[in-house]
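Novice: Using only what follows, build the 3D model:
(2 chains)
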Protein chains: 2
Amino acid sequence: MNPVSEIITIGDELLIGQTIDTNSAWIGEKMSMIGLPVKRIISISDNPDEIRTFLADSMQRADVVLITGGLGPTNDDRTKTTLAEFFKAELVEDETVLEDILHLLKLRNFPLSALNRAQALVPDNCRVVHNPQGTAPGMWWDKDGTVVVSMPGVPFEMKAIMETSVLPWLQDQFKTPIILHKTIMTIGLGESNLASMLEDWEKALPSNFTLAYLPSPGMVKVRISGTGDSEDVLKSTMAGLTESLVEIAKDYFYGFDDISLEELVGHLLTKNHLSLSTAESCTGGNIARLVTRIPGSSAYFKGSIVAYANEIKMKYLDVSQKMLSEYGAVSRNVVEQMAKSCLLHFKTDFSIATSGIAGPDGGSIFKPVGTTWIAIASKNGILSQCFQFGEHRERNVVKASQTALNMLRIEILKETIST
Amino acid sequence: MNPVSEIITIGDELLIGQTIDTNSAWIGEKMSMIGLPVKRIISISDNPDEIRTFLADSMQRADVVLITGGLGPTNDDRTKTTLAEFFKAELVEDETVLEDILHLLKLRNFPLSALNRAQALVPDNCRVVHNPQGTAPGMWWDKDGTVVVSMPGVPFEMKAIMETSVLPWLQDQFKTPIILHKTIMTIGLGESNLASMLEDWEKALPSNFTLAYLPSPGMVKVRISGTGDSEDVLKSTMAGLTESLVEIAKDYFYGFDDISLEELVGHLLTKNHLSLSTAESCTGGNIARLVTRIPGSSAYFKGSIVAYANEIKMKYLDVSQKMLSEYGAVSRNVVEQMAKSCLLHFKTDFSIATSGIAGPDGGSIFKPVGTTWIAIASKNGILSQCFQFGEHRERNVVKASQTALNMLRIEILKETIST
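Specialist: The predicted model follows:
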C-alpha cells in the first residue's frame, strides 16, 4: 500500500462560512507531488472532543496527518493543550521558540504579552518545527506508524513551515512512488461531449494512468495522472498520451498546466511584439480587465472603448445610425465596424469587439438572450462569428470574454506562423 | 439537542489542490442562518467505498448531510450509482429530468448524447430535486432520522438547488428556533480596527445575540444574529441594535444585507435619473465590468475609456504631454483631467477616473506600488483623492474599484439631497 495523508483543519470560521479554506488545496497539491496524496480533508470546530475523536480516526487510516489551525494566542484556540493531552505530554517552555517570538515582536515593535509567552510552551515529546513567519511553532509527532504535524492556520505561516521543514522531512522519511500530472486546457466543448470524444482513448489508458475532467463555465480542464517507479518511463508515456489526447481534441485544446487564455495571449503578444485594444459592448470591460490582470500587460495592451450605449458606438467607433436601425447593435455589421475602428484609432496590431444580449432583458425571438457577436481585426482583415451562450447574464459575459480571447489566440498563431 | 448538519464534498480535484472548495463556506453560512449549523466538512475522493463509509458515519452524527460533487456525466463521477446502492434503489429514467435536459441542450444547440441521457436516471426512492441551472438533478433522502441531499459540485448549480429547494424544504422539516440576521456592509476600515471600534457595543449585546465579522479585500461585512421564540421581540431588538451599530460605524457603513456597491450605485443612479461613465487606467475596465454586472445597467451606464497606455489618455481624455512629464500619469492633475474629459465627452452626470501603480513593477520611492489616484466628476466639480492600497496587484484593482464606487455613492447622495 502506498502511503497516504489526511488533513484536519480546525476552526469555527471554516464551518460558518467566514473563511474559505484555501490551505487544503495548497497542501493537497504539494503532498500529491511528493507522492503522499491527500485522501481526506476534515474540517472541525476547535473543540477538544472533536479534535481527539477525528485525530484518532485519521491516525487509523493515514500515514501522515497534517493539522492546521487552532494555534492562535487567544482562548478560543485549544488545539495545543488538546494535542499535549492526546500524546500524554507536558507543556514546557522552549528556549528557541521563545527567542523566535522575542525576535519577531521586536521587529514589529510589540511588547511580550503573557499570551505571546504562552506560545513558547510546547509538548515535551514532540519535535518542534520552526515557524519562520510567526509566533506559533509547528509540532511533529511520529507515533504508532503515523506522522502527525500541527501547524498554524494562517496561510503564509503554514506554507513557510511546510516548505522549510515538513515537506523535506516527509520526503526523507517516506519512500514514495513517482507521480506525474499533466493538465490539458480546452475551450468550446462541454464536459460530456468532450468525454464522448475521448471515450475510446480513455479506455485504452495504461492501468497506472487515470483521467479527470474539471469543468468551469465555458472551459474544461482535462488532467492525466500516472504513477510508477521510473520517472523516465512515466515521462515518456505521459508525453505520448498527452500528444494523442491533444490530437483528438485539437479543435478545443489551447494550452497546458492551468494557463489562462489571457496569460497565453499575453505571452503570444509579447513574444511577437504585437499590441491589442478592445471595443466592448456586452462584455462591459471584462476582456480589458482580464487582459490587464496579467503583470506586464501594459507592454501590449493599449486600452479599450467600452461602448455600452449606442451613442458611444457612434461617437468613438464610427458605427452609423443607419447601420444600427438596419441591422441592430447586435449584428455582424456593427461588431465588425467596432473592431475595425478600434484597430484604427488605437493603432494596435489586433483588436477585439463584442456586441451581444447579456440578459436578462433585451432578447427577442430572432435574437434571444445570449446571442453574441465577436470580431477580431488585424491588418489582414476581420473575422467575426455569432454565438449563443445561454440565459445567464454573468456566464454570458464570462463565455463571451473567453471565446473572444480564444479567437484572438488562433488569429495570432495563424498570422505569426504565416509571416 | 439542536439539529446539526455535515457537508461531504466528493471529488479528487479538491484533494490534489486543483480546485479550492468555495461551496462549503457558502453552504456553512446559509445553514447557520437557518439554524442547522454545519459541524463538520469532509472531503473525500470519488470512490464508492469512501462514499459509503463516510456517509454512514455522517448519518450517525448529523441530522442533515449535504453531499456536493461527483454527479457529472463522465465515468470518473460515481456518486449517483453509489448512493443508489447505499439506499437500495434502482436507477430509473425520470421524465421531468429528461425534459429539463432536453430543454437545456436545445438552448445550447447541443445534441443529446448517451452520457447526457444517463443524467436523467435517478434512484427510484429519492425525492428528485430540480436543478434550474444544469443537467444533473439533486437527490433527497430522509432515512433513519437523517436527511441526505446530493447535489452537483458546480457552484452555481449547487447554489440554485439550495436556494430554490433544499433550504426551504429543510426549514419546513426542522423546527428550529427563530433566527434573525442583519448584515451591515462597511468599507474602508480593516477587521481588527472595526472590531476595536465596536468592542464596547459588542460587550453590551443581549445574551441571545452574537456578532460576526466577514472580511474580504477592502470591505468587512458585520453580521448581527439573534435567536429566540418571539419574532416580534427579536425584530424590535434587532432594529435597535442595527441602528446603534450603524451610528458608531457611520463613516464606514454603506448598506445592508450583502448589497454590493455597484448594485447600490445602480439604484441611486436609476432613482435619480442620472448617468455614469468611467475613464480607467490602473483598474483596466474593472469598474465598468462591475457596473455592467447589474441587470438594467444600460439605463444609466454609457461606457468607458480604458486608457491603459499614456497615448490613449492623451488621445481620448485630453491629458497633455506636458502634464504627463511634469506630474506623471499617477497624479492628481492627470486623474482629474481624465474624469473631466470623460464627463464632457460621454455627456454623463457623473464620471469616475482611476490612475495608479497596480504592480508588481512600476513603483518608486515616491510612488510605491499601490499608489492610486481616484477622481469623481460631476457638474458640481471634481473630487479627487490619493490612496495606498498595498503590494498585491489583483487586490489593488479590487480595492481601487470599490473605493471609487464608494466615493461615487457619497457624491450622488450629497448632490441628490442638496438639490
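Novice: Just read off the phi/psi values of the nearest residue in space to residue A:41 that is not next to it in sequence.
Specialist: Leaving aside its chain neighbours, residue A:41 sits nearest to residue B:43 (3.9 Å; criterion: C-beta to C-beta, 6 or more residues apart in numbering or on different chains). In short, each C-beta sits where N, CA and C put it, glycine included. In terms of degrees, to the nearest 10, the main-chain angles of residue B:43 are phi -110, psi 130.
Novice: and residue B:43, how many neighbours does it have?
Specialist: 31 (other C-beta atoms under 10 Å in any protein chain shown).
Novice: if I pick it, what's in contact with it?
Specialist: Counting by C-beta atoms under 8 Å, 6 or more residues apart in numbering or on different chains, residue B:43 makes contact with A:24, A:40-42, B:8-11, B:14-15, B:21.
Novice: Please list the residues of the stretch 51-200 of chain A that sit near chain B.
Specialist: A:54, A:181, A:183, A:190-193, A:195-196 (C-beta under 8 Å from any C-beta of the partner chain).
Novice: tally of neighbours for residue A:22?
Specialist: That count, for residue A:22 with other C-beta under 10 Å as the rule, works out to 13.
Novice: ok, and the closest non-adjacent residue to it?
Specialist: What sits nearest to residue A:22 in space, not counting adjacent residues and going by C-beta to C-beta, 6+ apart, is residue B:20, at 5.4 Å.
Novice: same question, residue A:165
Specialist: Residue A:165's closest residue in space is residue A:129 (C-beta to C-beta, 6+ apart), at 4.9 Å.
Novice: Does that neighbour touch residue A:163 like I think?
Specialist: No - Residue A:129 is not in contact with residue A:163 according to C-beta atoms under 8 Å; the separation is 11.6 Å.
Novice: which stretch of helix or strand covers residue A:341?
Specialist: helix A:332-346 (DSSP states H and E).
Novice: which helices and strands does that helix pack with?
Specialist: Counting contacts by 3 or more C-beta pairs under 8 Å, 6 or more residues apart in numbering or on different chains; DSSP states H and E, helix A:332-346 is packed against strand A:276-280, strand A:301-307, helix A:310-317, helix A:321-327, strand A:350-356, strand A:371-378, strand A:381-388.
Novice: With respect to burial, which of these scores highest?
Specialist: Mean neighbour count (mean count of other C-beta atoms under 10 Å in any protein chain shown) peaks for strand A:276-280 among the helices and strands packed on helix A:332-346, with a mean of 31.
Novice: Return the mean pLDDT over that strand, rounded to an integer.
Specialist: If you average the pLDDT over strand A:276-280, you get 98.
Novice: List the buried residues in the helix or strand bottoming out on mean pLDDT in chain A.
Specialist: The helix or strand of chain A with the lowest confidence, counting by mean pLDDT, DSSP states H and E, is helix A:114-118 at a mean of 80. For helix A:114-118, a neighbour-count test (16 or more other C-beta atoms under 10 Å in any protein chain shown) marks residue A:116 as buried.
Novice: likewise stretch A:57-73?
Specialist: Those would be A:57-59, A:62-72, for stretch A:57-73 by 16+ other C-beta under 10 Å.
Novice: and these, which two are the farthest apart?
Specialist: Within these, A:63 and A:72 form the most distant pair, 28.0 Å apart (C-beta to C-beta).
Novice: hmm, back to that, dump the residues of the stretch 51-200 of chain A next to chain B into CSV; add neighbour count as well.
Specialist: What follows is those, written out as CSV (neighbours: other C-beta atoms under 10 Å in any protein chain shown):
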residue, neighbour count
A:54, 20
A:181, 17
A:183, 18
A:190, 19
A:191, 23
A:192, 25
A:193, 18
A:195, 23
A:196, 18
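Novice: any chance of those in a markdown table, plus pLDDT?
Specialist: Putting those into a markdown table (pLDDT from 0 to 100) gives the following:
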| residue | pLDDT |
| --- | --- |
| A:54 | 97 |
| A:181 | 86 |
| A:183 | 92 |
| A:190 | 85 |
| A:191 | 85 |
| A:192 | 84 |
| A:193 | 90 |
| A:195 | 92 |
| A:196 | 93 |
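Novice: Restricted to strands, list those.
Specialist: A:181, A:183 (DSSP state E).
Novice: ok, the residues of the stretch 51-200 of chain A next to chain B vs residue A:157, which is closest?
Specialist: Nearest to residue A:157 among those, with distances taken as C-beta to C-beta, is residue A:54, at 22.3 Å.
Novice: Contacts (any at all) between chain B and stretch A:277-286?
Specialist: Yes - against chain B, stretch A:277-286 shows contacts by C-beta under 8 Å from any C-beta at A:278, A:280, A:283-286.
Novice: List the contacts of residue A:158.
Specialist: Counting by C-beta under 8 Å, 6+ apart, residue A:158 touches A:23, A:27, A:68, A:151-152.
Novice: before we move on, the earlier item: I'd say the residue nearest to residue A:22 and residue A:21 touch.
Specialist: Yes - at 7.5 Å, residue B:20 counts as touching residue A:21 under the criterion of C-beta under 8 Å.
Novice: Which one's more surrounded, those two?
Specialist: Between residue B:20 and residue A:21, counted using other C-beta under 10 Å, residue A:21 has the larger neighbour count: 26 against 17.
Novice: can you confirm the more buried one is in a helix?
Specialist: No - under the criterion used here (DSSP: H, G, I helix; E, B strand; the rest coil), residue A:21 is coil, not part of a helix.
Novice: What strand or helix carries the closest residue to it other than its chain neighbours?
Specialist: Distances taken as C-beta to C-beta, 6+ apart place residue A:14 nearest to residue A:21, at 5.2 Å, with adjacent residues excluded. Taking DSSP H and E as the definition, residue A:14 sits inside helix A:12-15.
Novice: check contacts around the residue nearest to residue A:363 when sequence neighbours are not counted.
Specialist: Of all residues beyond its chain neighbours, the one nearest residue A:363 is residue A:369 (3.8 Å), with distances taken as C-beta to C-beta, 6+ apart. Residue A:369 makes contact with A:357-363, A:390-391, A:396 under the criterion C-beta under 8 Å, 6+ apart.
Novice: Of those residues, which is the most crowded?
Specialist: residue A:358 (29 neighbours).
Novice: That residue and chain B, how far apart?
Specialist: When distance is defined by C-beta to the nearest C-beta, to the nearest Å, residue A:358 is 8 Å away from chain B.
Novice: can you check residue A:15 too?
Specialist: Taken as C-beta to the nearest C-beta, the span from residue A:15 to chain B is 5 Å.
Novice: Below-threshold pLDDT in chain A: ranges please.
Specialist: A:72-77, A:108, A:418-419 (pLDDT under 70).
Novice: ok, back up a step: so which of residue A:129 and residue A:163 has more stuff around it?
Specialist: residue A:129 (20 against 12).
Novice: who does that one bridge with?
Specialist: With DSSP bridges as the criterion, residue A:129 is bridged to residue A:138.
Novice: show me the contacts for it.
Specialist: Residue A:129 neighbours (C-beta under 8 Å, 6+ apart): A:137-140, A:149, A:151, A:161, A:165-166.
Novice: Of these, select the buried ones using a ChimeraX command.
Specialist: Buried members of the contacts of residue A:129, defined by 16+ other C-beta under 10 Å, are picked up in ChimeraX with:
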select /A:137,138,139,140,149,151,161,165,166
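Novice: So residue A:55 sits against residue A:86, correct?
Specialist: Yes - proximity of residue A:55 to residue A:86 meets the contact threshold set by C-beta under 8 Å, at 6.5 Å.
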